[in-house]
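Q: Prediction below, plus the sequence it came from.
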Amino acid sequence: MNHYIVTGGAGFIGSTLVRQLLALGDGEVHVIDNLLTGKEENLAEVRSQIVFHKADIRDYSAIAAPMAGASTVFHLAAIPSVPRSIHDPEPSHEVNVNGTWNVFRAAKEGGVRRVVYAASSSAYGDTEVLPKVESMQANPRSPYAAQKLMGEHYGSVFTSCFGLEVVSLRFFNVFGPRQDPGSPYSGVLSKFMTALLDNEQPTIHGDGEQTRDFTYVEDVAALVIKASRAPGVAGRTYNAGNGNRYSLNLTWDLLQKAEGVRIQPIYSPSRAGDVRDSQADTTAARRDLGHDPQFSFEEGLRRTLAWYRAHHLSPAGAR
Ligand code: UD1
């Protein structure tokens, strides 16, 4: 039997992964989460099938005990967001760098076989060539990008020096159900969806012609599981993207068409640390991990919009 640990398992991506692991039915699923950005309600209907540890990855002793003896750790706990890491850099450093160190150390001490680490496409920064390939020089433009890149380096060092298998996946702008729109640092699609349903103007930072490889959360979770099982990939980094790119202006157009409305966005200055274009080369992930995205951007948008519609209360009500 497997013994899975998902750090950040109450978050939007983590809670999707938890459901996929439960569907495999081949082991126990434990969640470690401090509920800072994660929410227990994300796990509501699966709560009785998992073991939940409310613990903060900044506290080594709090996570070492639940991680001891696990077979596989999925390390998704983080303080995400490029702008948040600029406005309030210390907590994001402490969680994303020191917390990641603690997770790798606890995994090694606890005899874990493999850790799959959620790295970030932001590590590339702006590249001259698209799509972005793993062999390109990393060029972080924000504390968040640098922190996530540090985790990759530690992952490969834990593999080579300490015998812990770590596989890093650079997530490319993940979106889907349960992404929280309620913070100024929330992902753009969660903001767009709620603006659309509230019939409000979305804010677009910059000219809206920046592009992103929006990747549906179920595809990312499936890849994460494949990365935990693939042979011969310890210590390596792979892109976890869909392989396409869409501008924010085009994305807002698609959403307006889906809803049959016309709403003019509010354009505001570009954000510090923002990357202009982002698109994953998926060749290596397909070849070595069996990556096989099932959801086109349009299909992912349809499913996500349906979820927000079902879970969305009017602006006057609690959200
Ligand atoms: C970055 C990473 C991504 C990572 C994420 C974690 C890149 C290319 N991607 O996402 O891999 O998972 O951080 O937080 O670095 N925007 C608006 N209006 C809004 C909100 C955002 O126009 O209301 C714009 C941003 O300025 C940006 C784009 O939308 O150009 C995407 O922003 P966001 O969803 O926050 O993600 P990234 O910063 O691209």
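A: Okay, I see it.

Q: near the ligand, which residues of this protein?
A: On the criterion Cβ under 6 Å from any ligand atom, the ligand has as its neighbours in the chain the residues 80-82, 120-122, 171-173, 187-188, 191, 203-205, 210, 212, 248, 271, 274-275, 278. C-beta coordinates here come from the backbone N, C-alpha and C atoms, glycine included.

Q: which among the residues you listed end up buried?
A: Neighbour counting by 16 or more other Cβ atoms under 10 Å classes 80-82, 120-122, 171-173, 187-188, 191, 204-205, 210, 212, 248, 275, 278 among the residues of the chain next to the ligand as buried.

Q: Among the residues of the chain next to the ligand, which ones are in strands?
A: With strands identified by DSSP state E, the entries of the residues of the chain next to the ligand that belong to them are Ser120, Phe171, Thr203, Ile204, His205, Arg212.

Q: ok, those residues vs Ala145, which is closest?
A: Within the set of those, Ser120 lies nearest Ala145; the separation is 6.4 Å, counting by Cβ to Cβ.

Q: got the contact list for that closest one?
A: Tyr144, Ala145, Lys148, Leu149, Arg170, Phe171 (Cβ atoms under 8 Å, 6 or more residues apart in numbering).

Q: Identify the residues contacting the longest helix seen in the chain?
A: As assigned by DSSP state H, the longest helix anywhere in the chain is helix 143-162. Residues from elsewhere that reach helix 143-162, judged by Cβ under 8 Å, 6+ apart: 78, 80-82, 84-86, 89, 92-93, 96-97, 100-101, 104, 107-108, 115, 117, 119-120, 122-123, 125, 138, 140, 164-168, 234-237, 273.

Q: quick revisit: which member of the ones in strands among the residues of the chain next to the ligand is positioned nearest Gly25?
A: Distances from Gly25 to those, taken as Cβ to Cβ, are shortest for Phe171 (25.7 Å).

Q: Do you know the pLDDT at that closest one?
A: What the model reports as pLDDT for Phe171 is 98.

Q: ok, now the one 5 residues further on?
A: Confidence at Gly176, expressed as pLDDT, is 98.

Q: Find the nearest non-adjacent residue to the residue of the chain found nearest the ligand, please.
A: With Cβ to the nearest ligand atom as the measure, Ser122 is the residue of the chain nearest to the ligand, at 3.1 Å. Once flanking residues are discounted, Ser122 sits nearest to Ala145: 3.8 Å by Cβ to Cβ, 6 or more residues apart in numbering.

Q: What pLDDT is listed against that neighbour?
A: Ala145 carries a pLDDT value of 98.

Q: Look at it and say how many residues are nearby.
A: Ala145 sits with 23 neighbouring residues when counted by other Cβ atoms under 10 Å.

Q: likewise Tyr267?
A: With other Cβ under 10 Å as criterion, Tyr267 counts 14.

Q: do the same with the one 3 residues further on
A: The number of residues packed near Ser270 is 13, by other Cβ under 10 Å.

Q: Model confidence for the nearest residue to it once chain neighbours are set aside, exactly?
A: Of all residues beyond its chain neighbours, the one nearest Ser270 is Gly206 (3.7 Å), with distances taken as Cβ to Cβ, 6+ apart. pLDDT, the model's per-residue confidence, is 98 for Gly206.

Q: so Gly206 sits right up against Asp274, yeah?
A: Yes. With contact defined as Cβ atoms under 8 Å, Gly206 reaches Asp274; the gap is 6.9 Å.

Q: Assess the claim that Leu130 and Asn244 are in contact.
A: No. If you go by Cβ under 8 Å, Leu130 and Asn244 don't touch, sitting 10.8 Å apart.

Q: joint contacts of these two?
A: With contacts taken as Cβ under 8 Å, 6+ apart, Leu130 and Asn244 have Gln279 as neighbours in common.

Q: Do a quick rundown of the strands in the stretch 1-150 of the chain.
A: Ranges of strands in the stretch 1-150 of the chain, per DSSP state E, counting those that start in this stretch, are 2-7, 27-33, 51-54, 72-75, 114-120.
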